[in-house]
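# structure, please.
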Amino acid sequence: MPKLGDSNTQGIGQGQVFVAVGVIDQGGTTARAGFLKSLGQQKSRASVAERAGLISWVPFWLSLGIGGWFSLRHEPGLGFYLGCGALGLGGLAIWRWPLNATGTVSWFDQLRFAGLALFFIALGALLSGLRTELVAAPVLEFRYYGGVEGRVVGIDRSSRDRLRLTLDQLAMDDIAPDRVPRRVRISLIGTGQAIPVPGQRVMLTANLGPPGSPSEPGGFDFRRMAWFDGLGAIGYSRSPVLTVEPPQPGGALALHRLRMRLSAAIQTSIGGQAGAVSSALMTGDRSGIAEETNEIMRAANLYHIVSISGLHMSMLAGFVYASLRIIGAILQRARSRSGAHVHKWAAVGALGAAAAYLWLSGGDVATERSFVMVAVMLLAIVADRRAISLRTVSVAAIAILLTTPDALLAPGFQMSFVATVALILAHEPWLRVAPLLPWWLRPVLALLISSLVAGMATAPIAAAHFGRLSQYGTLANLLVVPVAGVLVMPAGVIAALVAPLGLQDIPLWVMGIGTKWMLLVARWIADLDGTTMLVPAPPRVVLPLIAIGASLALLAPVGARHGLLGNSLPRRLLGGMMLVAAFGIWLTAQRPLVLISAEGDAVGIMTPSGRATSKPKGGTFAVSGWLEADGDDRDQAAAAATGPWQGEKGARHAQLSLSGGVVELVHLTGKRSAALAAGLCHDGAMIVSNVRLDLPRKPRRDCLVLDPDSLRRSGAIAMIERGGRPHLVSVRDTLGDRVWTRPGTRR
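Numbering: from 1, shown residues only. Sure, this is the predicted structure:
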């Protein structure tokens, strides 16, 4: 299960994504209510979804193709891609057939729409395969201990509060150059030395291994994320980091070093964790934030403030746009000229500021997504289009899915776009109600409603990915987001503008006041009883069902009176039924009876009081993932304190009573495992060991043995009860054979 705040979850907003961008489209744009321009139909009172028209379906169709490709259990070959190409071209040919001129949607017009859908579905699958090949790089296939030399390209902090270095241009002892990973990530343990700078070439001794497999079948697969990030190995080092070569002048990393110097200056000026958070907001450098601060921000549902996301982009773009428009209007009035195009020049200036912020913040994938969304909205203003509409959001989604199809699987992408769509759908009802309210109440209710709407929309996704829901997240955001939008981000922009003149201290002081308030609110919320509610992980089918069901229920029909497959009512009913089915599956799903780690160093049995682990230490990463997926807030020591496990340390055993019989589960660890295994192997026994067991053939036939040799092939294993008998499911069974699941080198 991904951890909220990891690199793959940056850019997640809890309900405030693009709230501030509402200031962007206030006048000066021509709202076009055209729906399905190719049909030549317009509706003066069309809904938000209808105005978006056919383009709102394109991201949906692309997502079906991308999601379908990633759900394949075996790596597709040339025949698959040729078939997709043929289907896509056939669908495009059907779509290009002349449209029915009667103004109604006939069965052939529905066939045309289906052909267009087929084209984009096939395109999504083809782009996924292309992207996978373009990022292919060697992956370490064994445990490695030795020298590592490389160039520093990234510096961050792990969930254990350890400094981490990302290195490229690597050289490793006794490994051929064509088998060396493209990138590795190394956590530094107890080195207590100066932090390297980006571009510096360093050398150290490290323990490395391939990216880890899921902790249980159906769990989060870090290997897939590492594949698309170019990470071929991860590990740690206890040795000093030696400088081999200073950074080379010029190049992209020179800008990175400038960004790190700006980060250090902000932290020094403001000081403490407020300075570290301020630096993260402006430069994306989170290496100064302590893990304790991260935890309270997560508990208060404010971590999206730390991770640069659409919220920050929209706040900055909105502030710059409003400022430039006010200045332009004043100048136009002073010169007695019309200011009809001031809003366009303000949009261009805001776009430039957003691009500068993209560079300043490091330009990671999540920030790039946010920039694309804001850029599309600003360009819509320049083109006299509606900035806040499903059409512009659809264009942004299409741009991201075409270039990085794997972004579809990232929680940041899912939550950002879901929150944005929810806010846009709620925008027009709010405009009808707002004039009836007192002027002083409108901004308060706007913030409250936006937090509630986007929070409710993103809550299922957050719960599915991170296994937690913040009970007081809306309250925390109500107290923090206005301060971030009115105080923190504007002060940061002003500080950047006056820094060349040496006048940045006062705006940074103001920014520090805002971030201190954020941390104060986060700690207060985190200390409240019942702040965080843990939620069991859903089966893998739940999120796709929710996404498809919501899209079918909310997207507009593609014809005047008919939907994609006929009347729109059946389509909406189908979408609603899929949503009900998804939540029904989630609520009734049963967690595995037994879980076995991929290394054989941890075993957990589900009991009425929660999962009981075989030992209080060892296999910590896997066990913490199990407990989190169970919705259990205990640690491993507490989980091992009670339960059916008996026996001495290193030779634990438990009995499982199933309706079809009794299964004896034995967990052996340590040097004595091989000597004890033969005597414990009997009919109905299952022996798990973290060392290799060389049992004679006859005893091995009498019991099931799961040692590192077998677990290396299968991955982590779950036991479920089926027909009164134990049934084993492995990670390999659920994920199949894909390029990121195979050990070894890829090119």
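
# how far away is residue 367 from residue 283?
Using CB to CB, to the nearest Å, we find residue 367 at a distance of 11 Å from residue 283. In this view, the C-beta of every residue, glycine as well, is placed from N, C-alpha and C.

# what do these two both touch?
Taking CB atoms under 8 Å, 6 or more residues apart in numbering as the contact rule, residue 367 and residue 283 both touch residue 361.

# give the residue spans of this protein that score low on pLDDT.
1-53, 99-106, 191-193, 250-252, 308-311, 336-340, 362-366, 556-567, 696-702, 743-747 (pLDDT under 70).

# have a look at it and report its longest strand.
Within the chain, and with DSSP state E defining each element, the longest strand by residue count is strand 144-157.

# buried residues in that one?
Residues 144, 148-157 are the ones in strand 144-157 that count as buried (16 or more other CB atoms under 10 Å).

# please identify which of those is nearest to residue 222.
For the buried residues of strand 144-157, the closest approach to residue 222 (CB to CB) belongs to residue 156, at 15.6 Å.

# returning to that earlier point: after the longest strand of the chain, next one along is what?
Where DSSP states H and E defines the elements, the next helix or strand beyond strand 144-157 is strand 163-172.

# distance check, the most centrally placed residue in the chain against residue 463.
A centroid search over the chain (CA atoms, centre = their mean) returns residue 411, at 2.8 Å, as the residue closest to the centre. As judged by CB to CB, residue 411 and residue 463 stand 11 Å apart.

# and if you look at residue 239?
Taken as CB to CB, the span from residue 239 to residue 463 is 41 Å.

# so which of the two has more stuff around it?
residue 463 (19 against 14; other CB atoms under 10 Å).

# and the longest helix that the chain contains, what does it pack onto?
Ranked by residue count under DSSP state H, the longest helix found in the chain is helix 107-134. Applying 3 or more CB pairs under 8 Å, 6 or more residues apart in numbering; DSSP states H and E, we find helix 107-134 packed against helix 57-70, helix 78-95, helix 222-229, helix 390-403.

# how is the chain divided into domains?
542-588, 594-714 (automatic domain parsing).

# closest one to residue 171 among the ones you listed?
Within these, the stretch nearest residue 171 is domain 594-714; the backing value is 27.7 Å (CB to CB).

# contacting residues for residue 92?
Under the contact definition (CB under 8 Å, 6+ apart), the residues listed for residue 92 are 115-116, 119.

# next: residue 719.
The contact partners of residue 719, by CB under 8 Å, 6+ apart, come to 592-596, 726-729.

# can we see that at 7 Å?
Shown here is residue 719, whose contacts under the criterion CB atoms under 7 Å, 6 or more residues apart in numbering are 592-594, 726-728.

# among these, which are in strands?
Among the contacts of residue 719, the members that lie in strands (by DSSP E) are 594, 726-728.

# how about the contacts made by residue 523?
Contacts were defined as CB under 7 Å, 6+ apart; by that measure residue 523 touches residue 296.

# run a quick neighbour tally on residue 526.
Around residue 526 there are 20 other residues, counting by other CB under 10 Å.

# please report the distance of it from residue 459.
The spacing between residue 526 and residue 459, counted by CB to CB, is 19 Å.

# do residue 424 as well
Here the criterion is CB to CB. By it, residue 424 lies 18 Å from residue 459.

# got it, and residue 695?
Taking CB to CB as the measure, residue 695 and residue 459 are separated by 50 Å.

# same thing with residue 236?
35 Å.

# residue 436 too?
For residue 436, the distance to residue 459 under the criterion CB to CB works out to 29 Å.

# burial of residue 369, as a residue count?
A count of nearby residues for residue 369, using other CB under 10 Å, gives 26.

# now it: closest residue in space, sequence neighbours ignored.
On the basis of CB to CB, 6 or more residues apart in numbering, the spatially nearest residue to residue 369 that is not a chain neighbour turns out to be residue 400, at 5.5 Å.

# which residues are in contact with that neighbour?
Neighbour list for residue 400: 369, 372, 407, 413 [criterion: CB under 7 Å, 6+ apart].

# buried only: go through these for me.
369, 372, 407, 413.

# which one of those residues is nearest to residue 301?
Checking the buried ones among the contacts of residue 400 against residue 301 by CB to CB gives residue 413 as the nearest, at 18.9 Å.

# checking my notes, that closest one in a strand, right?
No. Looking at residue 413 with DSSP: H, G, I helix; E, B strand; the rest coil, it is helix, so not inside a strand.

# so it sits against residue 369, correct?
Yes. Using CB atoms under 7 Å as the test, residue 413 is close enough to residue 369 to be in contact (6.1 Å).

# between those two, which contacts overlap?
Shared contacts of residue 413 and residue 369, defined by CB under 7 Å, 6+ apart, comprise 400, 407.

# would you map the helices across the stretch 551-700 of the chain?
Counting by DSSP state H, counting those that start in this stretch, the stretch 551-700 of the chain forms helices over residues 568-588, 620-630, 636-641, 673-680, 697-702, given from the N-terminal end onward.

# what is the helix or strand following the last one packed up against?
Using DSSP H and E, the helix or strand that directly follows helix 697-702 along the chain is strand 703-706. Counting by 3 or more CB pairs under 7 Å, 6 or more residues apart in numbering; DSSP states H and E, the packing neighbours recorded for strand 703-706 are strand 685-689.

# tell me the buried residues in the strand it packs on?
For strand 685-689, by 16+ other CB under 10 Å, it's 685-689.

# okay, the angle between it and helix 673-680?
Computed with axes from the mean of the first three to the mean of the last three CA atoms, to 10 degrees, the direction of strand 685-689 lies at 180 degrees from that of helix 673-680.

# and strand 685-689, what does it pack onto?
For strand 685-689, the packing partners by 3+ CB pairs under 7 Å, 6+ apart are strand 661-668, helix 673-680, strand 703-706.

# how about it as PDB, C-alpha atoms only?
Taking C-alpha atoms only, strand 685-689 is exported to PDB below (Å, rounded to 0.1, in the frame of the first residue of the first chain):
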ATOM      1  CA  ALA A 685       1.400 -29.300   8.200                       C
ATOM      2  CA  MET A 686       2.600 -26.100   6.500                       C
ATOM      3  CA  ILE A 687       6.100 -25.100   7.300                       C
ATOM      4  CA  VAL A 688       7.300 -21.600   6.600                       C
ATOM      5  CA  SER A 689      11.000 -20.700   7.000                       C
END
